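> only geometry, no sequence info:
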């Protein structure tokens with residue numbers, strides 16, 4: 001019981017923020033539902049140019065994001081309980097809370113944009129979504145160096161998980177790459193066309209992943225204390 005109380009205490013900033021945002025999102029959805037006709041079809045997916053290409057009924061269109069947020073809340077509350085390296089995840093709680101809060105804020109912002117579009121206010125999903133991803137990358141990058149070795153959060157390769165040196169150095173490099181990628185994605189979201197934005201996004205994401213993956217192996221290979 002003490003362990004459970006401690007876990008909720010450690011997660012309090014994220015849980016309070018997430019639950020508050022969930023309630024606000026749900027109330028906005030209820031309010032919007034009263035403004036819209038019952039048979040309306042709402043966009044729930046967009047192509048790379050920000051044009052809607054998939055629609056859903058009123059309930060799913062308005063309540064999809066709050067449902068997603070509730071699932072995220074349940075997952076982030078439960079997963080630390082089965083983390084093999086509980087001590088390290090507890091030592092990483094500041095970063096864990098900030099990452100969760102940032103992800104929920106992205107969902108909440110996207111939800112508001114979707115609601116505004118449903119009510120006839122034209123907001124560019126094609127620009128806003130990449131910009132939100134860029135901001136999320138910058139936030140994650142700033143805290144990546146503070147994450148201790150664990151199986152839930154961070155850059156998890158066979159080599160970072162078996163070498164403290166590889167974990168620490170890879171996360172320091174990964175943090176810088178995430179921040180750089182975030183700025184590139186934000187700039188491209190407002191200055192480039194849909195296809196060009198997507199290319200920059202993919203290059204940033206896969207470039208960060210590939211570089212971090214290779215770097216983690218190289219550091220692991222030279223670590224005399226690595227676990228075989």
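Happy to help now that I have it. All values reported here derive from a predicted model rather than from experimental measurement.
> who's in contact with residue 91?
residue 148 (CB atoms under 8 Å, 6 or more residues apart in numbering). (C-beta placed from N, C-alpha, C; glycine too.)
> Show me how far stretch 27-35 is from its chain's centre.
Counting by CA atoms, centre = their mean, to the nearest Å, stretch 27-35 is centred 26 Å from the centre of its parent chain.
> Assign the residue most central in space within the chain to helix, strand or coil.
Centroid check for the chain by CA atoms, centre = their mean gives residue 103 as the closest residue, at 4.1 Å. Following DSSP: H, G, I helix; E, B strand; the rest coil, residue 103 is assigned to helix.
> so it makes contact with residue 71?
No: Residue 103 lies out of contact with residue 71 (CB atoms under 8 Å); the separation is 11.8 Å.
> Now do residue 69 against residue 134, distance only.
21 Å (CB to CB, to the nearest Å).
> So for those two, which residue has more residues nearby?
Taking neighbours as other CB atoms under 10 Å, residue 69 and residue 134 compare with residue 134 leading, 25 against 22.
> surely that one meets residue 182?
Yes: counting by CB under 8 Å, residue 134 touches residue 182, with 4.4 Å between them.
> And what about residue 44, helix, strand or coil?
strand.
> ok, and the closest non-adjacent residue to it?
residue 56 (4.6 Å; CB to CB, 6 or more residues apart in numbering).
> who touches that neighbour in this structure?
41-42, 44, 64.
> Going along the chain, name the helices of the chain.
Assigned helices in the chain, in chain order: 2-10, 12-35, 58-78, 86-91, 93-118, 125-144, 164-191, 194-221 (criterion: DSSP state H).
> Could you save those helices as CSV and add columns showing distance to residue 52 and mean pLDDT?
Converted to CSV, the helices of the chain look like this (distance: least, CB to CB, whole Å; pLDDT from 0 to 100):
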stretch, distance to residue 52, mean pLDDT
helix 2-10, 40, 66
helix 12-35, 17, 92
helix 58-78, 11, 89
helix 86-91, 39, 87
helix 93-118, 8, 90
helix 125-144, 8, 90
helix 164-191, 18, 94
helix 194-221, 13, 92
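> For residue 158, find the nearest of those helices.
Closest to residue 158 of those is helix 194-221 (CB to CB; 8.1 Å).
> That closest one - contacts with which helices or strands?
Secondary-structure packing of helix 194-221 (3 or more CB pairs under 8 Å, 6 or more residues apart in numbering; DSSP states H and E): helix 125-144, helix 164-191.
> Just send these back as JSON lines, with distance to residue 9 too.
As requested, the helices and strands packed on helix 194-221 are arranged in JSON lines below (distance: least, CB to CB, whole Å):
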{"stretch": "helix 125-144", "distance to residue 9": "20"}
{"stretch": "helix 164-191", "distance to residue 9": "25"}
